[in-house]
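Peer 1: turn this into a model:
(2 chains)
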Amino acid sequence: MTRTAILIACGLIAGPIIGGLVSGMDRILTARMQSRIGPPVLQPFYDVIKLLFKEPLVVNVWQAFCAYCYIAAASIALVLFFLQSDLLLIFFVQAVGAVFLVVGALSSTSPYSQIGAHRELLQILSYEPLLVLVVVGFYLETGSFKLTDICAWNHPLLLKLPFLFIVLGYALTIKLRKSPFDLSTCHHGHQELVKGLLTDYSGPFLALTEVGHWFEVVLLLGLCTLFWTTSWVGMAILLVATYFLEVLVDNVTSRMNWRWMLSYVWGVGLTLSLVNLIWLHQG
Amino acid sequence: MDIRAGLTAILVLAPFGGAILCAVLGASRAIRSTIVLATGAILVVSALGLMPLVPFRLAAESVVGLNLHMLIQAADAILLLIILYYGFKHKHVVIIALAILQLLLASYLEFFMLKGPQPAEQVFCDHLSLIMVLIISIVGSIICFQAIPYMENHEHHYQTAPSRQPRFFFVMLLFLGGMNGLVLFNDLSFIYFFFEVTTLCSFLLIGHDRTTIATQNAIRALWMNSLGGAAFVIGMIAAYYETGTLELQKVLATSGAGSGVYLLALALLCVASFIKSAQFPFQSWLLGAMVAPTPVSALLHSSTMVKVGVYLVLRLAPGFIGTLLSDSVAVFGAFSFLAAAALAVGQSNGKKVLAYSTISNLGLIFACTGLNTGESMIAAMLLLAFHAVIKAMLFLSVGAIEQHIESRDIEDMRGLYAVMPLTALITVSGVIMMIMPPFGVLLSKWMAMEAAAQNLYVIMMVALGSSLTVIYWARWAGTLMSDPFAGRFRPEHQPLLTWLALGPLCAGAGVMSVLAPWLYLRLITPMLSSPYSPAYTVKAGGLENVYGAFAILPLSAVALLGLIAAVIALKRAFRAKIVSPYLSGLQTGEPSMCRGPMNQPFKAEAKNYYLDTIFGEARLTDWVNLGGGILLTLILGGAL
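Peer 2: All right, here's what the predicted structure looks like:
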């Protein structure tokens, strides 16, 4: 019982803290790649705190509702991850958050917000099947969807699921809103639609979507660590390498359109997954 | 008289009686409504009364004290003659040919093949039948109730005189009786009769408005379903030829034989079911059916007609477990799930989205049935029940919306919350219950995915289909809420019966979701006898098996907490400052109006993406039909 409570608390606290720090380091790394110095590592926290204390302004009251649902779902998904629940269930819970974020954006009539929301839906369409197939890969190798069993697996899963790790990388790039898949909203100021999806979220509600995003980032990075659960060093290497690559890709590629994203991500992602799954299935 | 026999008789005969009363006395609105309400109430009570009594088998003679076999055969012949009459009336060669073929085959079976004593136990009610009876009687009755105010409006709008409502409710009630008969009887020739009853009823209901397009679509439904009827008869004859009995339970018990003819018989019955359930390439009859008044669509899509198909295949599944037929049914179902979801993405017509979503969900049920494991069968049955309730609710909401805004296009429902807040909220909650945990549909989808993970074809298609599903539902929900601030929440005016239909369906779906573990224990576990095993254990209010766990109750509690927090935020947001949506700083005082060049005002708006060039009907339908056709060939060929 106490263990459960501690794990829940870990999930709720670790989410924003790790997520915020990752975001801060991301900004520094990005700045260095662009020959800038960048903000202090705690800058994301300052931003969120400032937003939280701003006067709430809403375009549609339901947007407030959706922002809360988004952060609720994102935090529940991460807590379930810490509780070592069923991986497919965790996937579905995080999908709830993604949907509410879109519904909130759609509830504003601003064309920026609307187009951002539709692009976000296309992003969801692109990465969701990939995440499911990654989860299926875990099941085919370990015989279970439960994280307790997957974490107890005594070989690094990366060796059996190398292609699925790449596939997860695609999903991660989309989820982290990195180029070339940052169609719906992004961190760079030079795009044709900058904050699209988040245009009309403001003040405390924008802060909530930001913290919700941190929860999601931590969840996805947690998913990455599952590929090497046997050693802490391995986990760390995997995480650092993956995230560095994400930032690098973000800075060396430019935004493409959704047609390209859908056909490319499905084409490459599904093929790689299929190959890896057949391999597991026959092996 | 045995109470079980009594209830069975009431469940089948009461709607028939009510139907005839409607036709005879239904000219007065008060009498007609009373008959419909009374019949519905009787059905609901009897269905609930049946709950503690299952499973049971009965000799049909004990139900009515007559030789039912002859009676049903005679009724069947009359039914086919009626279909033949409509074939001649509309000069449709295919309908005529199929009706004659069915008459000939049915007579051949009756007069030349059937030998010896006929099945002694013609009534068979296990928990699958019980689930179906509950869905048909409760959801079906609620739809009929809502149809009372709806049809009043409908006739007022189209100025139908004299009123055709007596006929309408005659057919609606007949439909319920036919459905109850279909799921309660065990004798294939009885099932065939009720199968044809549903075909005829759907034909009459689709053509109810007598417009050119309604007649056209009704005829299409009739010929396609007649094809299903023909497949059914041939399958029945093959089954009798192989096993020497028409008693379905005995037919299935001989599955050890596994011979070609036996599997062919089951495959033909499956094909008949696919046509009933409007699977590809036979989807066009169901899409055409939406020209009918909305309660008809609600009935066809949720509790009757299309559910015949899934019921039959679920019934037959133990007979083909472990065969290629089973695998091909799984692949066929998964294909339908994916293809229908893709087509739904391309639609801006709300009713069509619902129709494709029905086809898609039925496909998933077929996929689960074809996987044929304990887990997948549970998933199939839960999905069947949850889909029935939620789809009925969504159709009734869209019906109410359509009568109010006179459009069924999703674009016209933009900002519906400002116009019809309560209906919009109910529709959105329906959408949420279709795609989100901890609700029942998602629970069954979760089970389906975990059960399908071993089958790569199926899981690939289900993974893709599932993400497409999220797109079209989320888009719709967002569009309904898309409006600048709408002021205080005031429920709009609707007839009482509409609220009494929508409210219980919405609440029922929610409560059923929370109670899913107990539904599972009470309704589904008892019927998972050999060859299946009750795959899940109920632990701490969740379902768990060796490789997966879904903590329904804890998750529902947490979700409720999240919801309460969100509602509090919503209430506080009402007090926050309302600002206009972002329009590059060019907004004027009016909603969505910008200052354009030369200071001229123009309206800034964005429409939804329907991705017509990828998911449009014009682009996909032919390919999808081809795929469906090929897979059907695989099913029939694989059986041989």
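Peer 1: spell out which residues of the stretch 101-250 of chain A are next to chain B.
Peer 2: Proximity of the stretch 101-250 of chain A to chain B is confined to A:102-103, A:105-115, A:117-118, A:121-122, A:124-125, A:128-129, A:132-133, A:136, A:139-140, A:143-146, A:149, A:199-200, A:202 under the rule CB under 8 Å from any CB of the partner chain. The C-beta positions use only the backbone N, C-alpha and C, and glycine is treated the same way.
Peer 1: buried among the residues you listed? Need that as a selection in ChimeraX.
Peer 2: Here is the ChimeraX command that picks out the buried ones among those, judged by 16 or more other CB atoms under 10 Å in any protein chain shown:
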select /A:102,103,105,106,107,108,109,110,111,112,113,114,115,117,118,121,122,124,125,128,129,132,133,136,139,140,144,145,146,149,199,200,202
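Peer 1: which pLDDT value goes with the one residue in chain A that gets nearest to chain B?
Peer 2: Nearest residue of chain A to chain B: A:Leu106, at 2.7 Å (CB to the nearest CB). A:Leu106 carries a pLDDT value of 93.
Peer 1: could you give the number of residues near the closest residue to it other than its chain neighbours?
Peer 2: Excluding its sequence neighbours, the residue lying closest to A:Leu106 (CB to CB, 6 or more residues apart in numbering or on different chains) is B:Gly478, at 2.7 Å. Other residues lying near B:Gly478 total 28 when counted by other CB atoms under 10 Å in any protein chain shown.
Peer 1: following whichever helix or strand B:Gly478 is part of, which helix or strand comes up?
Peer 2: If you go by DSSP states H and E, B:Gly478 is part of helix B:456-481. The helix or strand immediately downstream of helix B:456-481 is helix B:496-514, counting by DSSP H and E.
Peer 1: just the strands in chain A please.
Peer 2: Assigned by DSSP state E, the strands in chain A fall at A:57-58.
Peer 1: ok so, going back, what's near enough to touch the residue of chain A closest to chain B?
Peer 2: A:Ser113, A:Gln114, A:Ala117, B:Arg475, B:Ala477, B:Gly478, B:Thr479, B:Met481, B:Ser482 (CB atoms under 8 Å, 6 or more residues apart in numbering or on different chains).
Peer 1: now the two most distant members of those.
Peer 2: A:Ser113 and B:Ala477 (15.2 Å; CB to CB).
Peer 1: for the chain, where's the lowest mean pLDDT among helices and strands?
Peer 2: The chain I'm using is chain A. Of all helical and strand segments in chain A, the minimum by mean pLDDT, DSSP states H and E falls on strand A:57-58, at a mean of 90.
Peer 1: not quite, I wanted chain B
Peer 2: Min over SSEs of chain B, mean pLDDT, DSSP H and E: helix B:61-64 (a mean of 62).
Peer 1: picking up where we left off before, for the least confident helix or strand of chain A, which outside residues touch it?
Peer 2: Under CB under 8 Å, 6+ apart, the answer for strand A:57-58 is A:Ala64, A:Ser202, A:Gly203, A:Phe205, B:Phe485, B:Ala573, B:Ala576, B:Lys577, B:Ile578, B:Val579.
Peer 1: how far is that strand from where the chain is centred?
Peer 2: In terms of CA atoms, centre = their mean, to the nearest Å, the centre of strand A:57-58 is found 26 Å from the chain centre.
Peer 1: equivalent analysis for stretch B:45-53, please.
Peer 2: Using CA atoms, centre = their mean, the offset of stretch B:45-53 from its chain centre is 22 Å.
Peer 1: let me see the contact set for the residue in chain B that chain A sits nearest to.
Peer 2: In chain B, the residue that lies nearest chain A is B:Gly478 (2.7 Å; CB to the nearest CB). The neighbourhood of B:Gly478, defined by CB under 8 Å, 6+ apart, consists of A:Val102, A:Val103, A:Ala105, A:Leu106, A:Ser107, A:Ala117.
Peer 1: can you give me phi and psi for B:Ala38?
Peer 2: phi -70, psi -50 (degrees, to the nearest 10).
Peer 1: what's the burial count for it?
Peer 2: The local packing of B:Ala38 (other CB under 10 Å) involves 13 other residues.
Peer 1: what sits against the closest residue to B:Leu456 other than its chain neighbours?
Peer 2: Nearest non-adjacent residue to B:Leu456, counting by CB to CB, 6+ apart: A:Leu277, 5.6 Å away. Residues in contact with A:Leu277 (CB under 8 Å, 6+ apart) are A:Leu133, A:Val136, A:Gly137, A:Leu140, A:Leu164, B:Leu456.
Peer 1: now B:Ser137
Peer 2: B:Leu11, B:Leu43, B:Val44, B:Ser46, B:Ala47, B:Leu176, B:Asn180.
Peer 1: among these, name the ones in strands.
Peer 2: Per DSSP E, those never map to strands.
Peer 1: and which of the residues you listed is nearest A:Phe244?
Peer 2: B:Ala47 (62.0 Å).
Peer 1: grab the nearest non-local neighbour of the closest one.
Peer 2: B:Ser137 (3.7 Å).
Peer 1: just for the stretch 401-550 of chain B, where's the confidence low?
Peer 2: B:484-487 (pLDDT under 70).
Peer 1: what does it put close to chain A?
Peer 2: B:415, B:417, B:435-437, B:442, B:446, B:449-450, B:453-454, B:456, B:459-460, B:463-464, B:466-468, B:470-471, B:474-475, B:477-479, B:481-486, B:546-550.
Peer 1: list buried residues within those.
Peer 2: For those, buried by 16+ other CB under 10 Å: B:415, B:417, B:435-437, B:442, B:446, B:449-450, B:453, B:456, B:459-460, B:463-464, B:466-468, B:470-471, B:474-475, B:477-479, B:481-486, B:547-550.
Peer 1: torsion angles phi and psi at B:Lys539?
Peer 2: phi -140, psi 130.
Peer 1: distance of B:Trp473 relative to B:Gly350?
Peer 2: 12 Å (CB to CB, to the nearest Å).
Peer 1: also B:Tyr85?
Peer 2: B:Tyr85 is 35 Å from B:Gly350, by CB to CB.
Peer 1: ok, A:Trp258 - contacts?
Peer 2: Counting by CB under 8 Å, 6+ apart, the residues that A:Trp258 touches are A:Arg119, A:Leu122, A:Gln123, A:Leu183.
Peer 1: please name the nearest non-neighbouring residue to the third one.
Peer 2: With sequence-adjacent residues excluded and distances taken as CB to CB, 6+ apart, A:Gln123 is closest to A:Ile174, at 5.1 Å.
Peer 1: from what I see, that neighbour and A:Thr185 are in contact.
Peer 2: No: the pair A:Ile174 / A:Thr185 is not scored as a contact, 11.8 Å apart, by CB atoms under 8 Å.
Peer 1: okay, the contacts of A:Trp258 in CSV with pLDDT next?
Peer 2: Putting the contacts of A:Trp258 into CSV (pLDDT from 0 to 100) gives the following:
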residue, pLDDT
A:Arg119, 95
A:Leu122, 95
A:Gln123, 96
A:Leu183, 91
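Peer 1: many thanks, we can stop here.
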